[in-house]
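>>> The sequence and its predicted three-dimensional model are supplied below.
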Amino acid sequence: MRSINSPSIATTLATIPPELLDEIAFHTALPNASSLSPYGPPTDLTNLLLSCKTIHDTLTSSLCLYARLFRTQFDSAALWRRFPPNWLTTHILAEELKRRWNALKRIRRVAAQWGEAQTRKETTTLGALEMRSLNTITQDLWMMYLMLLENDGMNEGQLRWAGAQMFIWGYFSSHLIPQAKKFGFQPETVDATLALSISWLLTTRESLLSESTRQSEAAVGLIRPFVFGAHRYDACLAPWTQFDLPLQPPSPSESRPCLPSRYRPGVHTPYMATDQELRNNGQRVQYLEQRAVMSAPVMTAAAICKYFARIEVRMSGGRPKLGNHGVFAQRTGAGPGPLIPMRNGGVPTATTTMSVIGDDPITGEYEKAAEHYPVLGDSKIYDIDFHRMVACVDPYVSSFDGVRPFYPPGSLTGVWEGRFAYLEFDAFRDMLVGCSDPQELVQEHELLMGQQHQIWRIREFHLYTSGVTEYLRRSPPQSYDPALPTAETETDPSVILSTGPATNAFFPEKTLLQEANGGLEVYEPGKQGFLFYKEHIPAPSGEVTSPKIDTDEEEDRVLDTIITGSGHSAWGPFSIRGRIRAWDGLITAVKDYSYSGTGSTAQDDGEDGHDRGRWLYRGYLYAGGNWVGRWRDTVTELQFCGYEGAFIMHARR
């Protein structure tokens, strides 16, 4: 048998039509049935390219071949949903194939070198492994993160082939962990944000269990300042105190202000003051042969998710649990940490401490650990996360077309379970004034301290344009507060529910929410009549589906969304009410322990129930049914740092 390099075979291949040669090359490039893995670059194509110059020239210039290989080796369904066709031409896909494989091979090389260094227990830097510019590292991290948002199966496999997890761990070990040890609260950077987000999306229970004690301690030391340092690290893309976004320029004749970058270094707020400065989140990203402008994901969200995932691993017995020294919460009078009541009326003892963590203090039932890791394999559930990245860049620019709400109706309806974490009040105060090292906030062996389980039952109500039209019909202009102008359209601000204090979830003071048939009647002081918010009731189904954004423009648009609900934690029952910021989907809700158990919810200026207080929760809904953010006290004025912690809730399936 003659080899493929023999003259006669080369001549035969060189004379066949280009489309047939493309077909041969395509099947040559694909992994065959005997391959151990379907992932990796099309290296077998090299032999065909080396057969003769004519074949080499024909194939290297065949954009159709490389575009077809891209669609085969990488997931592309999300690209076609998210971008117009002129962003996905044959030329662009062919160039993207080359760019991705160059980057993935580079990542694999660095990951292998870092793995060898770990095996030899050597300490090294990423620069010693392979000297590259910072811009290249940033672009590699962007590529990895966007591939995960587009993943329908193939992208994840290609990233794991490249050793993405080892690459990220190498970046942590050589950059972030040393900086954390040196500076405590290290600066929030795009690279750190992307690396933490990639690390979370690749997290599995098995990956956490396979960590050594040293790795686990280093990881907890890295993420805990991001989790508890609310005065340094934002949990949203624009100040949470602003509800009405986008903002308008100071005057109609002026263009929108030029805002400072979100990631500018070395800027800190004055002592005990909150950072409410508007910033531009935009980052230029090389994407599909374009210089796209996007916002990096929220770093604290990934850190909080990883922190609670480690708690759940411990709760489920994945690692040795602690003794009775401080596993239960301590009552400080300032934060959410009472002694958890036992069913026998006693207090935790050396023999009952761990059952306190495992038992629901309200129902007396065993609390099954709710382990929710990233859901990879369905890119549709990441469409909203991607939309937030590309749309929420500038708080002076609208993020949506005004036709659809940020989340599809029903995204929040149902039962949620999760946890909230906190620092003991004195430790939190010491952190604010700089008396404690951020690296000492929570040790790896203390993960079960300062956290509690909670359950929420949420209902979702929407104000539609038809509801406002009905309000205008039954409420003539003279029924409005005289101080308000006469409403002219259904989207007039004088018609829609006004914006109240941020610490009251933006409800105007004394607003009454009264349940009615099919919805919620909202009575605002100073306005006669009520606005009717229609309740979203999910269709009965035995299957779990991912909410999808309806691309069809509807006449009856959603103008505002209110959530109400109830829940319980170790402190007892509470009520929940909140609103959603249309610009980026920020959910702000008040958790009120003075819950009356009635069908109406109104503001209460009296004493809070049982001295348990009201707590403000604000966060985003992320892919996979994770509701992540921070909680805060409602007593501290907005311009000062309040008592804060982190929370995560999972949609119960």
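Ah, there it is. Residues are numbered from 1 along each chain as shown.
>>> Now do the one helix or strand residue 307 maps to: which elements does it pack against?
Residue 307 belongs to helix 299-315 when elements are defined using DSSP states H and E. Under the contact criterion of 3 or more Cβ pairs under 8 Å, 6 or more residues apart in numbering; DSSP states H and E, the helices and strands touching helix 299-315 comprise helix 190-201, helix 205-209, helix 213-228, strand 414-421, strand 614-622, strand 626-633, strand 644-651. Heads up, the C-betas are built off the backbone N, CA and C, glycines and all.
>>> Burial check on residue 77, number of neighbours?
13 (other Cβ atoms under 10 Å).
>>> hang on, the earlier thing: ok, of the helices and strands packed on helix 299-315, where does mean pLDDT dip lowest?
Ranked on mean pLDDT, the bottom entry among the helices and strands packed on helix 299-315 is helix 213-228, at a mean of 86.
>>> and the helix or strand just after that helix, what does it pack onto?
Tracing the chain C-terminally past helix 213-228 and defining elements by DSSP H and E, one meets strand 282-287 next. Under the contact definition 3+ Cβ pairs under 8 Å, 6+ apart, strand 282-287 sits against helix 134-149, strand 290-295.
>>> Report the angle between the longest one and helix 190-201.
Translated: helix 134-149. Our comparison of helix 134-149 with helix 190-201, counting by axes from the mean of the first three to the mean of the last three Cα atoms, to 10 degrees, yields an angle of 30 degrees.
>>> Make 328 the first number, not 1, from now on.
Sounds good: first residue 328 from here, last item helix 461-476.
>>> for the record, mean pLDDT for helix 461-476?
Across helix 461-476, the per-residue pLDDT values average to 90.
>>> thinking again about what came up before, could you dump the helices and strands packed on helix 626-642 to JSON lines with distance to residue 786?
Converted to JSON lines, these look like this (distance: least, Cβ to Cβ, whole Å):
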{"stretch": "helix 517-528", "distance to residue 786": "29"}
{"stretch": "helix 532-536", "distance to residue 786": "32"}
{"stretch": "helix 540-555", "distance to residue 786": "29"}
{"stretch": "strand 741-748", "distance to residue 786": "9"}
{"stretch": "strand 941-949", "distance to residue 786": "15"}
{"stretch": "strand 953-960", "distance to residue 786": "15"}
{"stretch": "strand 971-978", "distance to residue 786": "14"}
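>>> Relative to residue 632, which of those is closest?
Residue 632 sits nearest to helix 517-528 of all the helices and strands packed on helix 626-642, at 5.1 Å, using Cβ to Cβ.
>>> Which strands border the longest strand along the chain, and is each parallel or antiparallel?
Secondary structure assigned by DSSP state E gives strand 778-791 as the longest strand of the chain. Neighbouring strands of strand 778-791 in its sheet, by DSSP bridges, are strand 741-748 (antiparallel), strand 858-862 (antiparallel), strand 885-896 (antiparallel).
>>> got a list of what residue 857 touches?
798, 841, 848, 849, 850 (Cβ atoms under 8 Å, 6 or more residues apart in numbering).
>>> Okay, helices next: where are they in the stretch 678-827 of the chain?
For the stretch 678-827 of the chain, the helices defined by DSSP state H, counting those that start in this stretch cover 680-685, 710-718, 752-760, 792-801.
>>> can you give me the mean pLDDT across the shortest one?
The one in question is helix 680-685. For helix 680-685, the mean per-residue pLDDT is 32.
>>> just the second one next, same as before
Per-residue pLDDT values over helix 710-718 give a mean of 94.
>>> so what does that helix touch, helix or strand wise?
Other elements packing on helix 710-718 under the criterion 3+ Cβ pairs under 8 Å, 6+ apart are helix 404-409, strand 617-622, strand 941-949.
>>> how about the spatially closest residue to residue 392 that is not a sequence neighbour, secondary structure?
Distances taken as Cβ to Cβ, 6 or more residues apart in numbering put residue 349 closest to residue 392, at 4.6 Å, once the chain neighbours are dropped. Using DSSP: H, G, I helix; E, B strand; the rest coil, the structure places residue 349 in helix.
>>> just to revisit the earlier point, out of the contacts of residue 857, grab the one that's most surrounded.
Neighbour counts for the contacts of residue 857 were taken using other Cβ under 10 Å; the highest belongs to residue 849, which has 24 neighbours.
>>> With just CA atoms, put the host helix or strand of it into CSV.
Residue 849 is located in strand 846-850, with elements delineated by DSSP H and E. Listed in CSV are the C-alpha atoms of strand 846-850, where the atom choice follows Å, rounded to 0.1, in the frame of the first residue of the first chain:
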residue,chain,number,x,y,z
GLY,A,846,-53.9,39.6,41.8
LEU,A,847,-52.9,42.4,44.1
GLU,A,848,-54.4,45.8,44.8
VAL,A,849,-51.8,48.4,45.5
TYR,A,850,-52.9,51.4,47.4
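>>> Pull up the pairing partners for that strand, direction included.
Within its sheet, strand 846-850 is paired with strand 839-843 (antiparallel), strand 858-862 (antiparallel), according to DSSP bridges.
>>> closest to residue 591 out of the helices and strands packed on helix 626-642?
Nearest to residue 591 among those is helix 517-528 (11.4 Å), distances taken as Cβ to Cβ.
>>> For that closest one, what is the distance to the chain centroid?
If you compare the mean C-alpha spot of helix 517-528 with that of the full chain, they lie 11 Å apart, counting by Cα atoms, centre = their mean, to the nearest Å.
>>> repeat for stretch 407-418
From the chain centre to the centre of stretch 407-418 is a distance of 26 Å (Cα atoms, centre = their mean).
>>> for stretch 478-485, same thing?
20 Å.
>>> Identify each buried residue in that stretch, please.
478, 479, 481, 482, 483, 484, 485 (16 or more other Cβ atoms under 10 Å).
>>> Check the fifth one and give its pLDDT.
Looking at residue 483, its pLDDT reads 96.
>>> ok, back up a step: check the helices and strands packed on strand 609-614 for me and report the most buried one.
Neighbour counts averaged per stretch over the helices and strands packed on strand 609-614 are highest for helix 461-476, at a mean of 19; criterion: mean count of other Cβ atoms under 10 Å.
>>> From the contact counts, what lies against that one?
Applying 3+ Cβ pairs under 8 Å, 6+ apart, one finds that helix 461-476 makes contact with helix 417-446, helix 481-488, helix 517-528, strand 609-614.
>>> The shortest one to helix 417-446, inter-axis angle?
Pointing back at strand 609-614 there. Interaxial angle of strand 609-614 relative to helix 417-446 (the same axes, to 10 degrees): 100 degrees.
>>> Mind listing the strands strand 609-614 pairs with, and their directions?
In the sheet, strand 609-614 lines up against strand 617-622 (antiparallel) (DSSP bridges).
>>> re the thing from before, export the helices and strands packed on helix 710-718 to JSON lines and tack on distance to residue 784?
JSON lines is the format used below for the helices and strands packed on helix 710-718 (distance: least, Cβ to Cβ, whole Å):
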{"stretch": "helix 404-409", "distance to residue 784": "33"}
{"stretch": "strand 617-622", "distance to residue 784": "32"}
{"stretch": "strand 941-949", "distance to residue 784": "15"}
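>>> Between these, which one is closest to residue 742.
Once Cβ to Cβ is applied to the helices and strands packed on helix 710-718, the stretch that comes out nearest is strand 941-949, at 14.7 Å.
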